[in-house]
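>>> could you look at this predicted model? Sequence included:
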Amino acid sequence: MMTNRTIRSMRLRSRSMTGMHPRTFRRRGVTLSEVLVSLLVMSIGVVAVATLFPLSVLRTVQATQLTNAAQLRYNFEGMAGARPEIFAGTQAWQPGKQYAVGDLIVGSTPESKYYECTAGGTSGSLEPSWPNVGQTRTDGGVTWTGRYSRVFVVDPLGWQNRTEDMRDLMQTPSVGTANIRNAFGRTTLATANNTVVNPNAPPYDSAYRIVRYRGGIPNATATVNFNPSSSTFMPNISTAPGRDQDIAARIGARQMAVLPDSWVVQTDTTEFTPLTVTTLQLNNPQSSLISTLDRNNDNTIDFTVTSATAAERDISARVTLYDITGKVSHLRQLTTITGTPGVTETLTWTGALPAGFIPARARVETFEARYSWMLTGRRNGPTAYMNLVVFFRRSTDPVDELIHPAHFNLNPWAGANNTVGNNDDVADLTISPLGVITPVLKAGADSTLNTPDDITPRPLVVIRYNADIGVDERPFLKKGGFICDSQNNRWYRILKFTEVANAAAAQAVLHAASGSALPAGRGAVVWLDNPILENSGIYNSDPNASEPESFPGAILMPGVIDVYPLQPRLPWEN
């Protein structure tokens, strides 16, 4: 029989045989190399996962923009189906109608002309024989001047913004070459330090401009109307600054050209006190409506003509009031917000609340023009071919409507076949880091790539930056963005671009025979992902010719999400 002492002795002997100290239990550890390798493997995984997050955010934003752009396109098509005058840009001539200076109309028979009211009055009882481009015709008490519109845009927001540019400088909208609201694209800003000092500066000769239609029915006698009816899309702006028509026309333009759900919640609270049927007082210390929206720091936001600044009148705000059940609500357009931020703020609206309605919750929203459209078109006789351009937060800066000298050429640059030592059909071309274009004179078989710098025969266009953007600035050029041929009103997607120090030298290498020579100066070579469909750069000096051209160049507008081609409009559809 084994005693306890015998068992303990056997355990100690067994541990000594394995090399372990009788009182120590050691475990094998990991080396530093193993730790570093583990960290390396883990870091690779973490970096890979972390990279997916910003990419997923970008893809989500892009998908959201494309979804809303498509929705706006379908909204436009539904609206335009009931309002075919949108495709003409304005209404056809009507007998016995009051017209104001600057109103645009088209004849009952579609053609590549429109007519501008250069002396206001009441039209006659019979449609006149319309004048040629640049000529005038008396129609009752109205004088019409013929304008050419082979290319045109329907642009409610742009028309409104350019009109208000004139209003801010106390200038009356005028006609002819000076009427910038009726013209899209500008060759000059007439600027001082890139600030528009003369918004009436001629965009270019009126016979060749891209006419800008407001998209609504001219209505010189429109009164205050915050919800323009179907018969008056956009009430006219008065010729005197600071009138209610300004606000009505702005709201009308937004209702017509902006996605309806572009409202941002500024506050949603139950902490308020109803004062009257048209006012309530916010008692929420977290509310900061005034500090957020007050543009001139006077503790008052005025959405009416009494506002001290046009910037405050540009804000649109509404309040939605709910009852205690949340099942009944009333929406009101706000007219003023006064008070002290974080203490009390008083909201005022028009339109009394119904008797018996007791608000228990208030949600204040402001309008933000996120998604908007502009219709660009070109006429081939009576048939109109159009594209719907959808923007995200479209810029209202006139700089973004500048026309940059450029020539679009049907034939891509595919190599200098007549140059000694270069007989292939593919561009042997290098562009140095300084933007200097140099042909590479390498021999090669036709249609082959024989040097690393060969550029496949993609359509490209040379742009010379408009001097009015500033010496050290460049227009909005972006890979995947869009560029508009201003002469033919066609849009192309940008595949890539490279800036050059001298656009004239680049044109001499690439498109020496296309149009007139570009001026010397900074510019860019832009590759397009689709073939160029029409040549540009030829300027017809005769405004009465059957096919005069608009001003050649390129317009680069930021915020373009996509350009949707629309079904051609045949004469009987206009």
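That came through fine.

>>> grab the nearest non-local neighbour of Pro568.
Leaving aside its sequence neighbours, Pro568 sits nearest to Tyr385 (C-beta to C-beta, 6 or more residues apart in numbering; 5.1 Å). The C-beta positions use only the backbone N, C-alpha and C, and glycine is treated the same way.

>>> where does the stretch 301-450 of the chain have low pLDDT?
Scanning the stretch 301-450 of the chain for pLDDT under 70 picks out 304-311, 313-314, 341-342, 381-382, 411-450.

>>> got the contact list for stretch 274-291?
266-267, 269, 271-273, 299-301, 319, 321, 337-353, 358-359, 362, 364 (C-beta atoms under 8 Å, 6 or more residues apart in numbering).

>>> tally of neighbours for the residue nearest to Pro568?
For Tyr385, the neighbour count with other C-beta atoms under 10 Å is 16.

>>> try the one 5 residues further on
Taking other C-beta under 10 Å as the neighbour definition, Val390 ends up with a count of 25.

>>> that one pairs with what?
Beta bridges link Val390 to Trp373, Asp562 when assigned by DSSP bridges.

>>> can you tell me how far it sits from Thr376?
As judged by C-beta to C-beta, to the nearest Å, Val390 and Thr376 stand 11 Å apart.

>>> with Glu312 instead?
Counting by C-beta to C-beta, the gap from Glu312 to Thr376 is 32 Å.

>>> helices and strands around the lengthiest helix in the chain, which ones?
Criterion DSSP state H: the longest helix present in the chain is helix 32-82. If contacts are counted by 3 or more C-beta pairs under 8 Å, 6 or more residues apart in numbering; DSSP states H and E, helix 32-82 sits against helix 85-88, strand 371-380, strand 383-392, strand 560-565.

>>> beyond the shortest one, next helix or strand please.
Okay, so that is helix 85-88. The C-terminal neighbour of helix 85-88 among helices and strands, as given by DSSP states H and E, is strand 98-99.

>>> which neighbouring elements make contact with that following strand?
Right, strand 98-99 is packed against strand 121-122 by 3+ C-beta pairs under 8 Å, 6+ apart.

>>> packing partners of the strand it packs on?
Using 3+ C-beta pairs under 8 Å, 6+ apart: strand 121-122 touches strand 98-99, strand 142-148.

>>> save the ones you listed as CSV, and put in distance to Val500 too.
Shown next, in CSV, are the helices and strands packed on strand 121-122 (distance: least, C-beta to C-beta, whole Å):
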stretch, distance to Val500
strand 98-99, 48
strand 142-148, 34
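
>>> who wins for proximity to Ala253 among the ones you listed?
Ala253 sits nearest to strand 98-99 of all the helices and strands packed on strand 121-122, at 20.0 Å, using C-beta to C-beta.

>>> partners of the closest one in the sheet?
Partners of strand 98-99 in its sheet, by DSSP bridges: strand 121-122 (antiparallel).

>>> do you have the strands of the stretch 451-574 of the chain handy? List them.
Here the stretch 451-574 of the chain has its strands, by DSSP state E, counting those that start in this stretch, at 454-455, 460-464, 482-485, 490-500, 523-528, 554-555, 560-565.

>>> rank the ones you listed by mean pLDDT and give me the bottom one.
Of all the strands of the stretch 451-574 of the chain, the minimum mean pLDDT falls on strand 454-455 (a mean of 51).

>>> how many residues are close by the residue nearest to Phe303 when sequence neighbours are not counted?
Leaving aside its chain neighbours, Phe303 sits nearest to Thr335 (5.4 Å; criterion: C-beta to C-beta, 6+ apart). When counting by other C-beta under 10 Å, one arrives at 18 neighbours for Thr335.

>>> what mean pLDDT does the longest helix of the chain get?
Averaging pLDDT residue by residue across helix 32-82 gives 84.

>>> coming back round to it: what's the closest of the helices and strands packed on strand 121-122 to Pro54?
strand 142-148 (49.0 Å).

>>> which strands or helices does the helix or strand that that closest one is followed by pack on?
The helix or strand immediately downstream of strand 142-148 is strand 151-154, counting by DSSP H and E. Here strand 151-154 touches strand 210-213, strand 371-380, going by 3+ C-beta pairs under 8 Å, 6+ apart.

>>> please identify the deepest-packed of those.
strand 210-213 (a mean of 26; mean count of other C-beta atoms under 10 Å).

>>> strand partners (parallel or antiparallel) of that one?
Partners of strand 210-213 in the sheet, by DSSP bridges, are strand 151-154 (parallel), strand 183-184 (antiparallel).

>>> related to what we said a few turns ago, adding distance to Arg490, write the helices and strands packed on strand 151-154 out as CSV.
Shown next, in CSV, are the helices and strands packed on strand 151-154 (distance: least, C-beta to C-beta, whole Å):
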stretch, distance to Arg490
strand 210-213, 12
strand 371-380, 7
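
>>> quick one: which of those is nearest Ala82?
strand 371-380 (15.6 Å).

>>> strand 383-392 and the closest one, what's the angle between them?
Here strand 371-380 runs at an angle of 160 degrees relative to strand 383-392 (axes from the mean of the first three to the mean of the last three C-alpha atoms, to 10 degrees).

>>> show me what strand 371-380 is packed against.
Counting by 3+ C-beta pairs under 8 Å, 6+ apart, strand 371-380 packs on helix 32-82, helix 85-88, strand 151-154, helix 156-168, helix 244-257, strand 383-392.

>>> ok, Ala467 touching Arg522?
No - between Ala467 and Arg522 there is no contact under C-beta atoms under 8 Å: 9.4 Å.

>>> name the residue in these two with the higher neighbour count.
Arg522 (19 against 16).
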